[in-house]
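Engineer: Quick one, fold the following:
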Amino acid sequence: KHGCHIGDQFGVVGAVFVEPQHGRGHEESWMGVPILVGNEVTGVVAVQDWPQDRYSESDVRLLSTLAASMAVALENARLFEETTRLLDETQQRASELALINSIQQGLSKQLDFQAIIDLVGDKIGQIFAADSNGINLYDAKTNLIHPVSGVDRGRRTQPDPWPLGPGLTSKIIHSRQPLVTGTQAEARDLGALVAYIDPNDPDEPSTESYLGVPLIAGDRVMGVVDVQSYEQHAYDEDDVRLLSTITSSMGVALENARLFEETTRLLDETQQRASELAIINEVGQALARQLDVQAIAEVVGDKARELFKADGTSVFLFEEQTGLIQAPYF
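Structural biologist: Below you'll find the predicted structure:
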């Protein structure tokens, strides 16, 4: 009120405001009481009137009682809101855990590399209601990023591989940290590559929000899992946490699949070597009993034909004295 000063005392009564108006002063009474929650002042309730000395100590008590009741109600409302928020968070965590559990159960039944990728790709598309989502694997030997799963507006996509370098996927692989952008401009500032736009459909929407997390197995980055939205600021920290957890489970499953594939390969090689050794031993034993060239050729020829299921099998021997090649088995 135009330079007037009111003290901070509890229950100020009868303070006089002076407000110039057409050269005349106007007086009024003012009463204010604090809204106290415990020892904390959360606000003030005030009344005012034109007559001087309008309010008494009983008015102070009455307004203080109203303010105290209001403080209790406000605290109850705050506690209710906090409880509701915590309950919502708990329900959200429970939903997330249920989703993660269902994905992990699905992954635990898979030891096929592509089946794991397809399962996770389908799930994250559903969970995040993403306009686009993809799984890109990094090959350190060739320095190429391979898109192994991609969906854009419900359609499967299969872009060509691209080298590690600029772009958000490469940035995540280098940093090993999740990356979130809320607008296309923000993504470009971070080095995003401009997406291909169909010239026949200039009104086609483009990505605004991007969330990508690294796919890590052991101490190496296998690639990046991402979801994208045409809406701005579509992803928050909860989404980062959820996608990171899903991707972590995927990394474990892919590593298990790789180890299973490697173990199977080594086992197949071991079994092949054992079979080869058994065959060699069998042929060696048969040859050890033969001193006739023709008989030896027939032992080797028959066994080669049997092993390789050949339509034709031959054994040729070179006679150095005559310079001729003989065929004792054909």
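Engineer: Within the helices and strands, which one has the closest residue to T157 other than its chain neighbours?
Structural biologist: Using Cβ to Cβ, 6 or more residues apart in numbering and skipping the chain neighbours, the partner closest in space to T157 is G150 (4.0 Å). Every residue, glycine included, has its C-beta placed from N, CA and C. Applying DSSP states H and E as the criterion places G150 in strand 144-152.
Engineer: Output that strand as PDB, nothing but the C-alphas.
Structural biologist: Extracted C-alpha coordinates of strand 144-152, given in PDB (Å, rounded to 0.1, in the frame of the first residue of the first chain):
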ATOM      1  CA  LEU A 144      30.200 -50.900 -38.300                       C
ATOM      2  CA  ILE A 145      26.900 -50.500 -36.500                       C
ATOM      3  CA  HIS A 146      24.300 -53.100 -37.700                       C
ATOM      4  CA  PRO A 147      20.600 -52.500 -37.300                       C
ATOM      5  CA  VAL A 148      19.200 -55.900 -36.300                       C
ATOM      6  CA  SER A 149      15.700 -54.900 -35.300                       C
ATOM      7  CA  GLY A 150      13.700 -51.800 -36.300                       C
ATOM      8  CA  VAL A 151      10.100 -50.700 -36.300                       C
ATOM      9  CA  ASP A 152       8.700 -47.400 -37.600                       C
END
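Engineer: tell me which residues of it are tucked away?
Structural biologist: Of all the residues in strand 144-152, those buried under the rule 16 or more other Cβ atoms under 10 Å are I145, P147, V148, S149, G150, V151, D152.
Engineer: Following the chain onward from that strand, which element is next?
Structural biologist: strand 155-156.
Engineer: Now do the contacts for the closest residue to V315 other than its chain neighbours.
Structural biologist: Nearest residue to V315, sequence neighbours excluded (Cβ to Cβ, 6+ apart): Y329, at 3.9 Å. Going by Cβ atoms under 8 Å, 6 or more residues apart in numbering, Y329 touches A297, E298, V300, G301, T313, S314, V315.
Engineer: How about I145?
Structural biologist: 136-139, 161-164, 169-170, 173, 223-224.
Engineer: just those residues now: which is nearest L266?
Structural biologist: Comparing those against L266 with Cβ to Cβ places D139 closest, at 21.9 Å.
Engineer: Quick check: bridge partners of the closest one?
Structural biologist: D139 has these beta-bridge partners by DSSP bridges: L144.
Engineer: Strands of the chain, residue ranges please.
Structural biologist: For the chain, the strands defined by DSSP state E cover 29-37, 40-49, 132-139, 144-152, 155-156, 162-163, 179-181, 209-217, 220-229, 315-319, 324-329.
Engineer: export the ones you listed to TSV and tack on distance to L63?
Structural biologist: TSV is the format used below for these (distance: least, Cβ to Cβ, whole Å):
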stretch	distance to L63
strand 29-37	5
strand 40-49	6
strand 132-139	59
strand 144-152	63
strand 155-156	66
strand 162-163	71
strand 179-181	49
strand 209-217	50
strand 220-229	51
strand 315-319	117
strand 324-329	118
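Engineer: For A115, which of those strands is the nearest?
Structural biologist: strand 144-152 (11.2 Å).
Engineer: Can you give the distance from that closest one to the centre of its chain?
Structural biologist: How far strand 144-152 lies from its chain's middle: 15 Å, per Cα atoms, centre = their mean, to the nearest Å.
Engineer: same question, stretch 172-179
Structural biologist: For stretch 172-179, the distance to the chain centre is 11 Å (Cα atoms, centre = their mean).
Engineer: and what of stretch 52-61?
Structural biologist: Taking mean C-alpha positions (Cα atoms, centre = their mean), stretch 52-61 and its chain are 63 Å apart.
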